[in-house]
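A.B. asks: predicted model and sequence below, questions to follow.
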Amino acid sequence: MSELDPFILSRIQFAANISFHILFPTITIALGWVLLAFKLAFNRTGNEAWMDAYRFWVKVFALSFAMGVVSGITMSFQFGTNWPGFMERVGNIAGPLLAYEVLTAFFLEAVFLGIMLFGFRRVPNWVHTLATVLVAAGTTLSAFWILVLNSWMHTPAGFELRDGVVHATNWAQVIFNPSMPYRLTHMLIASGLTVAFLIAGISAYRWLRGDRGDGVAKALRSAIAMAALLIPVQILVGDLHGLNTLEHQPAKVAAMEGNWETRPNVPLVLFAIPDEEARTNHLEIGIPNGASLILKHDPNGVVPGLNDFVGEHPPVAPVFWGFRVMVGIGMLMLLVSWFTWWKIRRKGMEGAPRWLLQLLVGMAFSGWVATLAGWYVTEIGRQPWLVTGVLTTKDALGPVPAGMVATTLILYLAIYAALLAAYVLVIFQLAKRGDAAPQGKPMFPMPGGGEGPARPLREPLAPAE
């Protein structure tokens, strides 16, 4: 395997690891808050349906959390095995930020998740609710610290170089670097949309299989309302994020737009085949002045072109197409969520046409596709830099043999494919079984002396045997 390039193989390996890992935090970040909403609705109304929804989706949360932990550990090893130059050069920034994530977020989630899963009737209701609050807060704190580091790598601030090594000079500037607010908000909303369509899709699957419980209906309606509200906000945040990227990473925006020459009146390219060798697009279809209007809010606005960054811009095709996949799925989410909300509001769940429910099932994991596409735009769009203006990706590579990287890459891909298939299969198996609570069984003492319906005293919340 001597002819293989260890640099390319290491990049592919890290991309595979982070692509697999990011799928699961994308679910847990928002699902923790959805579970809290279900629990608070139960506390307020005493309606068993909300706890039915909670019981089902907390299992998905626990499964996703476990998968995220395992894949995160594997991913972190590569900093030492494949990319030692990263920690050697910027470890004074990256190390503390990763430590803050573990100390303030991971431990919080890990400790109180057990109470969420097994605390029914073993702790007071308010303790169980508090555990749900803390786990949800932990998921968001985790996202915060990871996005702080990722944003700093794109728009580094608050540091100085001493003998080629980065040292922090202002931690406030490190944390609140120029792209962090936009990147964090964009990711949190993306997680919300991912979870909304996951809940809607799996709930639609249960409904189609004849599980017409009120908990299924409430979960589906809540998810559709969540998606319908979040997608317009995401479009606005995406626009602001794009303007911030244009300011700090113009080469990335040029690749996203497939624009080669710096000029005014740039069209919004809907379809094209970018050709880096010829420095042009083939079969281009675009909306006149569209890119100038979006990026400059002026149809005559000047948009930077890739030819201003020859040798220093990212690979064009993956950034160009990744951006279109992300936006295309976002537009589909907008149409489907609004139409479904309108249909259910008018005719109720029983009036939802079968084809629409089947479409929701098909879009259950659409948020994953959009998230990965957006992540590729972000990370590939930063190339050739690992830390913009500070450290190139190639300079961070360690002396790892190509054959070893290729072997481990093949093993990673095989294991990840099996784990991903198993994860999806388990979720659908849970959906086939359902999780309706036995009737007439008290769950928690309710405010005012009443009791909410639910499970037996000593039955833990665990997957079916």
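C.D. replies: Yep, that arrived. Predicted model, so just to flag it, every value in this text is computed and none were measured.
A.B. asks: beyond the top helix by length along the chain, next helix or strand please.
C.D. replies: Longest helix of the chain, by residue count under DSSP state H: helix 6-45. Heading C-terminal from helix 6-45, the first helix or strand you meet, by DSSP states H and E, is helix 48-81.
A.B. asks: which parts of that following helix are buried?
C.D. replies: The neighbour-count check on helix 48-81 (16 or more other Cβ atoms under 10 Å) flags 48-65, 67-68, 71-72, 75, 78-79 as buried. Placement of C-beta: from N, CA and C, glycine included.
A.B. asks: what do you get for stretch 344-356?
C.D. replies: Neighbour-count burial for stretch 344-356 flags 344, 349, 352, 356 (criterion: 16+ other Cβ under 10 Å).
A.B. asks: now the end-to-end length of it.
C.D. replies: With Cα to Cα, to the nearest Å as the measure, stretch 344-356 spans 11 Å from end to end.
A.B. asks: list the contacts of that stretch.
C.D. replies: 207-208, 212, 217, 220-221, 224, 339-340, 343 (Cβ atoms under 8 Å, 6 or more residues apart in numbering).
A.B. asks: which one among the residues you listed gets closest to Ala272?
C.D. replies: Nearest to Ala272 among the contacts of stretch 344-356, counting by Cβ to Cβ, is Phe339 at 29.8 Å.
A.B. asks: what about that closest one, neighbour count?
C.D. replies: As a burial measure, Phe339 scores 14 neighbours (other Cβ atoms under 10 Å).
A.B. asks: check which helix or strand the residue nearest to it when sequence neighbours are not counted maps to.
C.D. replies: Take Phe339 and drop its neighbours on the chain: the residue closest to it by Cβ to Cβ, 6 or more residues apart in numbering is Leu356, 7.5 Å away. Using DSSP H and E, Leu356 sits in helix 354-362.
A.B. asks: now do Glu109
C.D. replies: Going by DSSP H and E, Glu109 is in helix 107-118.
A.B. asks: tell me the contacts of Leu31?
C.D. replies: Leu31 touches 57, 60-61, 64, 139, 195, counting by Cβ under 8 Å, 6+ apart.
A.B. asks: try Thr378
C.D. replies: Here Thr378 is in contact with 150, 154, 183 (Cβ under 8 Å, 6+ apart).
A.B. asks: tabulate those residues in CSV, adding columns for neighbour count.
C.D. replies: Below are the contacts of Thr378 laid out as CSV (neighbours: other Cβ atoms under 10 Å):
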residue, neighbour count
Asn150, 19
His154, 23
Arg183, 22
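A.B. asks: which member of those residues is positioned nearest Pro250?
C.D. replies: His154 (12.7 Å).
A.B. asks: got phi/psi on the nearest residue to that closest one once chain neighbours are set aside?
C.D. replies: Leaving aside its sequence neighbours, His154 sits nearest to Ser179 (Cβ to Cβ, 6+ apart; 5.3 Å). Per-residue torsions, Ser179: phi -100, psi -10 (degrees, to the nearest 10).
A.B. asks: cool, thanks, talk later.
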